[in-house]
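# the following comprises the amino acid sequence and a computationally predicted model.
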Amino acid sequence: MTAFLASIRDGRFLTRQRLTVYAAFLLAGFAAAILWIVATAHGLNDYAGRPLGTDFSSFHAAGRLVLEGRDPFDQAALYRMEKSAFGGATPYYAFSYPPVFLLPAAALAMLPYAMALALWLALTFGFYLAAMAVLQARFDAASDSDRPLFLLVAAAFPGVFVNLSHGQNGFLAAGLMTMGLALLDRRPLAAGLCFGLLAFKPQLGLLIPFALAAGGRWKSFAAAAAAVAVFVLASVMAFGAESWRGFLSAMTFSRQAILDHDGVGYAKMISVFAAARLWHAPLGLAYGVQAIAAVTVILLVMRLWRSSADIRLKGAALCLGTLLATPFALDYDLMLLAPALALVAAHGRKQGFAPFALSLLTLLWAMPLLNRPIATVTPILLAPLAILALLHMIGRRATA
């Protein structure tokens, strides 16, 4: 028992050989699972009657509505479009993204569904891996010989499978955040552009202006603000100002259906709000706890970015804090853990790891596979607890 605890404390169990084998095994398992989903599909529907790529069906349907000159935020019209593609029994998948996301959605909708889904996942996954490679080259002092293992671990991160199976945009979000952090010191304007592009999912960009302002990164701040303004203007020119009114209406629907009434299942979520609701907290109390968490995280991130702490720790804190600051975060958003874990690991390789750090990193790396099953059978949402633990550890390391 003493040897076991010592191994957990110093992370000696995480050898290079084990890391390689586990990552390769998981990657092969994910590939087999995806092939099984495709092999057991009936047309564009999986074995359970859902669209292949589930959530992507709403992206494609919204894009088709735009191409036909119709309102993509009309819930009834969206569902009719989904049923026309996947049959009358298909579940409804809401589209609650700002009009800037209609630009890629419309482009993808020009292609047949299966081709659009494959292209979307291939391009965004490739971008995510490329961004992680840039991050490793910028921040990790390891030799280039470690690059293949790093990319293997990044590709085998369980959040990858969650995003592939849902056809989601986590690869794009993680890639933009990762590339922004990697370019921040040397190419601040390009970094700001990456951060600004996260406007397609506003809740994941919530902390960025606070961090950039606190750190005095005014070039990146200005570039991000300009990028947001340009893309908002482009969406207005392409789809009209009424598209933004439709988006606000869709956001109200999503809040009521998903947050207030457990529309997707709190077990699929990773927020402090969802954790409180799993414990049957009243709605007002859950929102209050989430607000306290958001303010606390914002203040912590601003404090770190204002300090002389290592940029690796600042970047990791930004990624982790982003996941805690919003009530609306699901398990596919855990893709933001990938750059956070890479940055903490890079700092540890240079400065040494704190006790239990490697064990905590391992737990968080596996979190996309653990969070939903555990929350389904217990009232415990593990993700926000583990994220908070690593954020606390980062805060202590930064001030040590």
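Arrived safely, thanks for sending. For clarity, every value in this text was computed on a predicted model and none was experimentally measured.
# do you know the pLDDT at Thr142?
Quick fix: residue 142 is Ala, not Thr. With respect to pLDDT, Ala142 has a value of 63.
# please identify the buried residues of stretch 177-190?
Within stretch 177-190, the residues that count as buried by 16 or more other C-beta atoms under 10 Å are 177-184, 187-188, 190. C-beta: built from backbone N, CA, C; applies to glycine.
# ignore what I typed, I meant stretch 35-51.
Of the residues in stretch 35-51, those buried by neighbour count under the rule 16+ other C-beta under 10 Å are 37, 44-46, 50-51.
# picking that back up, same list (the buried residues of stretch 177-190) but as JSON lines, adding pLDDT.
Formatted as JSON lines, the buried residues of stretch 177-190 follow (pLDDT from 0 to 100):
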{"residue": "Met177", "pLDDT": "99"}
{"residue": "Thr178", "pLDDT": "98"}
{"residue": "Met179", "pLDDT": "99"}
{"residue": "Gly180", "pLDDT": "98"}
{"residue": "Leu181", "pLDDT": "98"}
{"residue": "Ala182", "pLDDT": "98"}
{"residue": "Leu183", "pLDDT": "98"}
{"residue": "Leu184", "pLDDT": "98"}
{"residue": "Arg187", "pLDDT": "97"}
{"residue": "Pro188", "pLDDT": "98"}
{"residue": "Ala190", "pLDDT": "98"}
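# for Leu336, state which of these is nearest.
Distance to Leu336 across these (C-beta to C-beta) is lowest for Met177, with 6.1 Å.
# wait, that closest one sits on Lys201?
No. Counting by C-beta atoms under 8 Å, Met177 sits too far from Lys201 to count as a contact (10.3 Å).
# roughly how far does Pro384 sit from Leu358?
Counting by C-beta to C-beta, to the nearest Å, the gap between Pro384 and Leu358 amounts to 21 Å.
# if you could redo that for Leu391, that was the one I meant.
Computed with C-beta to C-beta, the distance linking Leu391 and Leu358 is 17 Å.
# what do you get for Lys350?
When C-beta to C-beta is applied, the distance between Lys350 and Leu358 equals 14 Å.
# again with Phe30
Applying C-beta to C-beta, the value for Phe30 to Leu358 is 23 Å.
# among the buried residues of stretch 177-190, which one lies nearest to Arg245?
Within these, proximity to Arg245 (C-beta to C-beta) peaks at Met177, which comes in at 28.7 Å.
# roughly how far is stretch 284-300 from the heart of the chain?
Averaged C-alpha coordinates place stretch 284-300 at 20 Å from its chain's average position (C-alpha atoms, centre = their mean, to the nearest Å).
# isn't Ile34 up against Leu164?
Yes. Applying C-beta under 8 Å, one finds Ile34 in contact with Leu164, separated by 5.9 Å.
# and Leu299, what does it touch?
Taking C-beta atoms under 8 Å, 6 or more residues apart in numbering as the contact definition, Leu299 lies against nothing.
# quick one: name whatever helix or strand follows the helix or strand where it lies.
Taking DSSP states H and E as the criterion, the element that holds Leu299 is helix 283-306. In the C-terminal direction, the helix or strand that comes right after helix 283-306 (DSSP H and E) is helix 311-325.
# C-terminal to that next one, what's the next element?
Following the chain from helix 311-325 toward its C-terminal end, the next helix or strand by DSSP H and E is helix 337-351.
# CA atoms of the helix or strand hosting Phe273 as PDB?
Phe273 belongs to helix 272-278 when assigned by DSSP H and E. Coordinates of each C-alpha in helix 272-278 appear next as PDB, following Å, rounded to 0.1, in the frame of the first residue of the first chain:
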ATOM      1  CA  VAL A 272     -20.600  23.800 -11.700                       C
ATOM      2  CA  PHE A 273     -24.300  24.600 -12.500                       C
ATOM      3  CA  ALA A 274     -24.900  21.000 -13.700                       C
ATOM      4  CA  ALA A 275     -23.100  19.600 -10.600                       C
ATOM      5  CA  ALA A 276     -25.400  21.600  -8.300                       C
ATOM      6  CA  ARG A 277     -28.500  20.400 -10.200                       C
ATOM      7  CA  LEU A 278     -27.400  16.800 -10.000                       C
END
